[in-house]
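Engineer: sequence and computational prediction follow.
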Amino acid sequence: MLTGVFLLSKIPRPQLDRRKYAPSLKVLIKRVYSMGAQGEVLSFGATNGMDHMNNRTFYKDVGFTIEERFALGIHGLLPGRVETLPEQVNHCIARLNMIKDDLDKYIYLSYLHSTNEKLFFSLLTQNVNKLIPIVYTPTVARAVKNHGLVAGRTKALYITIHDKGHIAKILDHWPERDVIASVVTDGERCLGLGDMGLNSVLISVGKMGLYTAFAGVKPHLCMPVVLDAGTNNQTLLESPYYLGIRQKRVTGPEYDEFVDEFMRSVVQKYGQKMLVQFEDFGIRNAFKYLQKYQNKYCCFNDDIQGTGAVVLAGFYAARRILDRPLKSHKYLFLGAGSATIGTANITCAAMVAHEGVTIEEARERICMFDLNGLVTTYRTDLNEQQKLYAINHPPINDFLKVIEIFKPSVLIGLCTVGSLFTPDILKLMGKINKKPLIFALSNPNSHAECTPLDAYKHTEGRAIYASGSPFGEVEYNGEIYRPGQGNNAYIYPGLALGAIVGAVHHISDEIQIIAARCVSDLVTDEDIRAGSIYPPMSKVREISDNIALKMLEHGISKKLCSLYPLPKDLKQFIRAHQYDLNYEKHLPARWSYPDLPPIKVRKLSEDTYNLSLKCNTDDGNTTKK
Ligand SMILES: NC(=O)C1=CN([C@@H]2O[C@H](COP(=O)(O)OP(=O)(O)OC[C@H]3O[C@@H](n4cnc5c(N)ncnc54)[C@H](OP(=O)(O)O)[C@@H]3O)[C@@H](O)[C@H]2O)C=CC1
Ligand SMILES: CC(=O)C(=O)O
Ligand SMILES: [Mg+2]
């Protein structure tokens, strides 16, 4: 290795503007050989070279320059052509365009994620609208269902109930040393798919991918985790391809101790600042663990708090159309689980904090309906959270009847079951309201309570509609609508960035309200005209930066964050912690010999250059970077 570096250190590095010049491959390679005997140059670093080829953080594929290939001992292991990162992104797009099925695109993108991280995230951040529906909902739902057949080298930590008592040891096997955040799931309620057991690991991985793509959190700081305590999904238990442990879910004290040990172990290993995002836990556990841990560890529950904030953002944006305060609405939820309670809680908190009503008055504006009917004081099956919203009314099991009696202006579907907002329900909402707000938030699309077309069709185009998964453009009555996506992906990456950078340990109600405002602030008049109360997904990076900034400002003023000394420029401070989407140079420092004559370079004509950097953007235009 030393010999190699010594020989190569004599090779002058071209000092050139790569945007205008490309070094001639022939000249470069010949120059390297001419510095020493062929055998000597090529012999070094062979084993190390393979390590570099297999390192997703390091690997550039044909993005490695010729100098790097020699320096790393991988020259000859890649095709001769060198591509710039924008060229590689283009190349990936061309490849994706050849793939017809979205699940196959998911598989290709997962492969890219597991081999060349920088290229994956560059591709994703430059093509958000096109690719987020592939790596996230809805396609990730198909991947979850077919996990055993589609998952490749998924980088995640798999902790089974059999590892109880030894979790610290398993953490030692994680290849990164300085982890700062973890999305953890046990898969009991995965999207609207029900209990998906270990397969839900793909949700942890997908969500952590968005930490980087949407908020610039460095990937090596992220550790996606699945807690595999079995599954009650009989189809999975009987599937020859299921890769989780084959037993019914462990529950009760044994499971609580398991989660306790996980929390204790990650904090012991990675420190007090370690952020844990709970994702897709079952209704029994989601609130239990949030209440148990939120004042003890740096954590939040995405389905409760992230969803609450994103739905509140939709309510705020709708004020621009309806010109009504939150307290003037009546909210009817279909479903009374984690996401519903989280949304109801934060909506009430916002009314109390900013619209001068009491918490009791705020709760009176809310009504819930679940599998057992209307949530009323007559019911004996309610949990403590649901009891807060129980209304004093005889039991009703007919949802349409509830709409007739309660006359809601806002209908929110978070019940996991598709198409429950029937034509009759939508028509009635249209009859009661000039512009009914219809949120069909269950994921993926097939589980949405109604489609946008249904909502527009049955309200003569008057509904203000949002879904949890993207539906794209819809044509109704000669008008084109582009309904927004009310998904917690607008919130959790920014919350995580703020928590990580600002050491804000507690996601308070006010922080959720701040996050909601950051989303609604970026809704333009044009979005509203197109029928959307959410900004396009391609703005999430800006939203996350704003959430983190406002979170820090709030955290500092309320003494919620332990940042000492306080940075002078918060924006700059946040930026300094974010992931750099450019390739790093993998060359020893001593490779710079400015006193040696530069290598002759071939000047590319402008045309050649422009042609090679054409790139399709989200809006379908072709741009040059
Ligand atoms: N868009 C977004 O960002 C988000 C969307 N979601 C989606 O929301 C859905 C619910 O999530 P979450 O609250 O965490 O799940 P939970 O399991 O905690 O709650 C589901 C609720 O729906 C009720 N329900 C089930 N079937 C019916 C039915 N046929 N009629 C009426 N109610 C029914 C359940 O009632 P019971 O308890 O009686 O069974 C329960 O109250 C999921 O599909 C998820 O994908 C969740 C988070 C974020
Ligand atoms: C988006 C999300 O968190 C869910 O559907 O569970
Ligand atoms: Mg979720």
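Structural biologist: That came through, no problem. Ligands and ions are numbered 1, 2, ... in the order given.

Engineer: residue in the protein nearest to ligand 1?
Structural biologist: residue 337 (1.8 Å; CB to the nearest ligand atom). C-beta coordinates here come from the backbone N, C-alpha and C atoms, glycine included.

Engineer: pLDDT score for that residue?
Structural biologist: If you check residue 337, the pLDDT there is 98.

Engineer: wait, isn't it in contact with residue 370?
Structural biologist: Yes - counting by CB atoms under 8 Å, residue 370 is a contact partner of residue 337 at 7.5 Å.

Engineer: residues near the residue of the chain closest to ligand 1, how many?
Structural biologist: Using other CB atoms under 10 Å, residue 337 has 24 neighbouring residues.

Engineer: the one 3 residues further on now?
Structural biologist: Residue 340 sits with 32 neighbouring residues when counted by other CB under 10 Å.

Engineer: and the gap between it and residue 308?
Structural biologist: Distance from residue 340 to residue 308, counting by CB to CB, to the nearest Å: 9 Å.

Engineer: give the contact list for residue 294.
Structural biologist: Counting by CB atoms under 8 Å, 6 or more residues apart in numbering, residue 294 touches 300, 506-507.

Engineer: when you check ligand 3, which of these turn up near it?
Structural biologist: Restricting these to those touching ligand 3 (CB under 5 Å from the ion) yields no residues.

Engineer: looking at the residues you listed, state which has the most neighbours.
Structural biologist: Counting neighbours by other CB under 10 Å, residue 507 leads those with 29 neighbours.

Engineer: give the helix, strand or coil label for the nearest residue to it once chain neighbours are set aside.
Structural biologist: Nearest non-adjacent residue to residue 507, counting by CB to CB, 6 or more residues apart in numbering: residue 300, 4.3 Å away. Following DSSP: H, G, I helix; E, B strand; the rest coil, residue 300 is assigned to strand.

Engineer: if we can go back for a sec, overlap of the contact sets of residue 337 and residue 370?
Structural biologist: Shared contacts of residue 337 and residue 370, counting by CB under 8 Å, 6+ apart, come down to residue 415.

Engineer: near ligand 1, which residues of the stretch 201-350 of the chain? Just list them.
Structural biologist: Residues of the stretch 201-350 of the chain lying near ligand 1 by CB under 6 Å from any ligand atom: 283, 303, 307, 310, 334-340.

Engineer: which one of those sits closest to ligand 2?
Structural biologist: residue 303 (5.2 Å).

Engineer: I'd say that closest one and residue 339 touch.
Structural biologist: Yes - contact criterion CB under 8 Å: residue 303 and residue 339 qualify, at 5.1 Å.

Engineer: which positions in the stretch 151-300 of the chain make contact with ligand 2?
Structural biologist: Counting by CB under 6 Å from any ligand atom, the stretch 151-300 of the chain comes close to ligand 2 at 191, 280.

Engineer: how about the strands in the stretch 151-300 of the chain?
Structural biologist: Per DSSP state E, counting those that start in this stretch, the stretch 151-300 of the chain carries strands over the ranges 157-160, 181-185, 225-228, 275-279, 298-301.

Engineer: strand partners (parallel or antiparallel) of the third one?
Structural biologist: Pairing partners of strand 225-228, with direction, according to DSSP bridges: strand 157-160 (parallel), strand 181-185 (parallel).

Engineer: out of these, which one sits most buried?
Structural biologist: Mean neighbours per residue, mean count of other CB atoms under 10 Å, is largest over the strands paired with strand 225-228 for strand 181-185, with a mean of 26.

Engineer: point me to the residue of the stretch 51-200 of the chain nearest ligand 2.
Structural biologist: Among the residues of the stretch 51-200 of the chain, residue 191 lies closest to ligand 2, at 4.4 Å counting by CB to the nearest ligand atom.

Engineer: what's the neighbour count on that residue?
Structural biologist: Neighbours of residue 191 (other CB under 10 Å): 23.

Engineer: and it, what is it in contact with?
Structural biologist: 137, 141, 144, 203, 280, 442-444, 447.

Engineer: one more time with 7 Å
Structural biologist: Counting by CB atoms under 7 Å, 6 or more residues apart in numbering, residue 191 makes contact with 137, 141, 443-444.

Engineer: which of these has the most neighbours?
Structural biologist: Counting neighbours by other CB under 10 Å, residue 137 leads the contacts of residue 191 with 26 neighbours.

Engineer: got the contact list for it?
Structural biologist: Residue 137 sits next to 191, 443-444, 468-469 when contact means CB under 7 Å, 6+ apart.

Engineer: in the stretch 51-200 of the chain, which spans are helices?
Structural biologist: Assigned helices in the stretch 51-200 of the chain, in chain order: 66-72, 85-98, 102-115, 117-126, 128-135, 139-145, 147-150, 167-172 (criterion: DSSP state H, counting those that start in this stretch).

Engineer: from residue 292, how far out is whichever residue of the chain sits closest to ligand 2?
Structural biologist: Residue of the chain nearest ligand 2, by CB to the nearest ligand atom: residue 443 (3.8 Å). As judged by CB to CB, residue 443 and residue 292 stand 26 Å apart.

Engineer: try residue 87
Structural biologist: In terms of CB to CB, residue 87 sits 50 Å off from residue 292.

Engineer: by proximity to ligand 3, which residue of the stretch 451-600 of the chain wins?
Structural biologist: Ligand 3 sits closest to residue 488 of the stretch 451-600 of the chain, with a gap of 6.8 Å, by CB to the ion.

Engineer: need phi/psi at the nearest residue to that residue once chain neighbours are set aside.
Structural biologist: With CB to CB, 6+ apart as the criterion, residue 488 has its nearest non-adjacent residue at 3.4 Å, and that residue is residue 306. Phi and psi for residue 306, reported as degrees, to the nearest 10, are phi -60, psi -40.

Engineer: all strands of the stretch 451-600 of the chain, in order?
Structural biologist: Remark: strands assigned in the stretch 451-600 of the chain by DSSP E, counting those that start in this stretch are 464-467, 474-476, 479-481, 484-485.

Engineer: rebuild these as CSV, extending it with mean pLDDT and distance to ligand 3.
Structural biologist: Listed next are the strands of the stretch 451-600 of the chain as CSV, based on pLDDT from 0 to 100; distance: least, CB to the ion, whole Å:
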stretch, mean pLDDT, distance to ligand 3
strand 464-467, 98, 15
strand 474-476, 97, 25
strand 479-481, 96, 26
strand 484-485, 98, 14
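
Engineer: for residue 582, give me its contacts.
Structural biologist: Counting by CB under 7 Å, 6+ apart, residue 582 makes contact with residue 85.

Engineer: per-residue confidence at it?
Structural biologist: pLDDT recorded at residue 582 is 94.

Engineer: with residue 608 instead?
Structural biologist: Looking at residue 608, its pLDDT reads 36.

Engineer: residues contacting residue 531?
Structural biologist: Counting by CB under 7 Å, 6+ apart, residue 531 touches 465, 481-483.

Engineer: distance of it relative to residue 207?
Structural biologist: According to CB to CB, residue 531 and residue 207 sit 27 Å apart.

Engineer: ok, now residue 335?
Structural biologist: Taking CB to CB, one finds residue 335 at 21 Å from residue 207.

Engineer: ditto for residue 290
Structural biologist: Distance, residue 290 to residue 207, by CB to CB: 17 Å.
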